[in-house]
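K.L.:
return a 3D structure for these sequence lines:
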Amino acid sequence: MNVKSGIRIALYQPDIAGNTGTILRMAACLGLAVDIVEPAGFDLSDRNLKRAGMDYLEMAALTRHVDFDSFEAWRRNENRRLLLFSTRAALPYCEFAYQDGDILLFGRESAGVPDRVHELADASLLIPMKGGGRSLNVALSAAMAAGEALRQVG
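P.N.:
Numbering: from 1, shown residues only. Just a heads-up that it's a prediction; the model follows:
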C-alpha cells in the first residue's frame, strides 16, 4: 500500500471555533488538508469559526470524522503516520524527520488527547518552551509544526 501524498493537520475534538477557523485558513493558504475528529465542542457552522476562517473556509480541504475510531480506520487504510504534538512528549519537533503523507495531530484545547490516542501515535513530538509556559495556542502550534514539516518535505 502506498502512502498518500501531502502533509495533513488533524484536530482531535477541538473546543474553540476561532482556533479551528484559524487553522483552516492557514491550511488553505499552505495547501494542506485538515481532518476534524468529532465531536467538536462547537457547531461547525459556528459564526466564530467563519469569522476566524474568513472566506478561506471555502478553500479549505476539510474532512470530518465522526469519532476517533473512524479516523483511525481511515488513517490506517491510507497508510499514514500519526504524529501527535503533546506537552507530554520528549522529542523536539524540529529534530524529527517528517515524511510526505504524515498527519500532524493536535488535541483538544481543554484536555489534549486520551492515553489511547497517545499509544496509537507513531511519534509524539514536543514544541520546547522556555520561561515556564504550559502550552502554546493550538493554532500557533499547528502553524509551527506545519512550517517545519513542509520545510523538510519540500
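
K.L.:
quick check: longest helix of this protein.
P.N.:
Looking across the chain with DSSP state H, the single longest helix is helix 138-153.

K.L.:
residues touching Phe71, list them.
P.N.:
Contact analysis of Phe71 by Cβ atoms under 8 Å, 6 or more residues apart in numbering lists Ala10, Asp35, Val37, His65. All C-beta spots, glycine's among them, are computed from the backbone N, C-alpha and C.

K.L.:
did I read that right, Arg134 in a strand?
P.N.:
No: using DSSP: H, G, I helix; E, B strand; the rest coil, the secondary structure at Arg134 is coil, not a strand.

K.L.:
I'd guessed it sits against Thr87; true?
P.N.:
Yes: contact between Arg134 and Thr87 holds when scored by Cβ atoms under 8 Å: they sit 6.7 Å apart.

K.L.:
need the outlier residue of the protein, farthest from its centre.
P.N.:
For the chain, the largest distance from the centre (Cα atoms, centre = their mean) belongs to Gly131, which lies 24.8 Å off.

K.L.:
wasn't that residue part of a helix?
P.N.:
No: counting by three-state DSSP, one finds Gly131 to be coil, located in no helix.

K.L.:
give me the more crowded residue out of Arg134 and Thr87.
P.N.:
Thr87 (15 against 6; other Cβ atoms under 10 Å).

K.L.:
what's the spacing between Ser86 and Leu30?
P.N.:
With distances taken as Cβ to Cβ, to the nearest Å, Ser86 is found 22 Å from Leu30.

K.L.:
right, I'll leave it there.
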